[in-house]
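got a sequence here, can you build the structure:
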Amino acid sequence: PVLDNKDKAQIEAIADLVKSEVNVKEIELIDDASGILVKEIKPNFKVLGPRFGKAMGQIAGKIKSFQQEDIVLLEKTGQKEVEVNGNAIILTLEDVEITSSDIEGWLVANQSGITVALDVTISPELKKEGISRELVNRIQNIRKDSGLEVTDRINIVIQSHNEIDDAIQSNEQYIMDETLANDLTLIQTVDNGTIVEFDDIVTSIQIKKI
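Next up, the predicted model:
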């Protein structure tokens, strides 16, 4: 969720970098987070005590009664007015602690007024893509360890595995483009290859300079 157009523009400016660095497929910016995020608020007694003394308890009660729209307004404007004993009191973000609750299928984090919800549901397509990216990473490491030049073209042989076979079938061209491969072959047994293990997958990879 974005607080304003400036916030939105700043995130959009670095969206590609963020996706690349944290391995995220897509970033979605939304104005209304009520559908996916549940904000929780509680008093920051360490700040409220010195500021309000005996009135702290009443103010804390007001904070605990805030609804979702009250929390959003406080985050957006940085302050909210409440009435205590007929007196108007301005609360700021320092007076409270705001967090976001995890909901099923999502991980949520909140810090300094910025909230991020990560959809951790892995579809079959995303799993295949993840395996393909891992294969690329491992093949690149093998290239480096073999002393190949960055521009050297190679042929790749990979030991067959159900999940690897499916991933390669869906992303073969991507793997070949990323690793500068002219050919990628799957066979039942790869002798004298490099053993590769990740997740529950164990395979063997052999590369040959053309």
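
what packs against the top helix by length along the chain?
If you go by DSSP state H, the chain has its longest helix at helix 124-145. Here helix 124-145 touches strand 154-159, helix 162-179, strand 194-198, strand 201-209, going by 3 or more C-beta pairs under 8 Å, 6 or more residues apart in numbering; DSSP states H and E. Using the backbone N, CA and C atoms, a C-beta is placed for each residue, glycine as well.

now it: average pLDDT?
Confidence over helix 124-145 (mean pLDDT, whole number) is 95.

quick check: buried residues in it?
For helix 124-145, a neighbour-count test (16 or more other C-beta atoms under 10 Å) marks 128-136, 138-139, 142-143 as buried.

turn these into JSON lines, columns for distance to residue 13.
Formatted as JSON lines, the buried residues of helix 124-145 follow (distance: C-beta to C-beta, whole Å):
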{"residue": "128", "distance to residue 13": "31"}
{"residue": "129", "distance to residue 13": "25"}
{"residue": "130", "distance to residue 13": "27"}
{"residue": "131", "distance to residue 13": "31"}
{"residue": "132", "distance to residue 13": "29"}
{"residue": "133", "distance to residue 13": "25"}
{"residue": "134", "distance to residue 13": "29"}
{"residue": "135", "distance to residue 13": "32"}
{"residue": "136", "distance to residue 13": "27"}
{"residue": "138", "distance to residue 13": "33"}
{"residue": "139", "distance to residue 13": "33"}
{"residue": "142", "distance to residue 13": "36"}
{"residue": "143", "distance to residue 13": "33"}
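
the residues you listed: which two are farthest apart?
The span of those, defined through C-beta to C-beta, is set by 128 and 143 at 22.5 Å.

just want the most central residue of the protein.
Among the residues of the chain, the one closest to the centroid is residue 118, at 5.1 Å (C-alpha atoms, centre = their mean).

got the buried residues for the helix or strand harbouring it?
According to DSSP states H and E, residue 118 maps onto strand 114-119. Judged by neighbour count using 16+ other C-beta under 10 Å, the buried positions of strand 114-119 are 115-117.

contacts for it next, please.
1, 24, 33, 36-37, 39, 100, 105-110 (C-beta atoms under 8 Å, 6 or more residues apart in numbering).

which one of the residues you listed is nearest to residue 173?
Nearest to residue 173 among the contacts of strand 114-119, with distances taken as C-beta to C-beta, is residue 24, at 22.2 Å.

now do the strand holding residue 118 against helix 124-145, angle only.
Strand 114-119 and helix 124-145 are oriented at 100 degrees to each other (axes from the mean of the first three to the mean of the last three C-alpha atoms, to 10 degrees).
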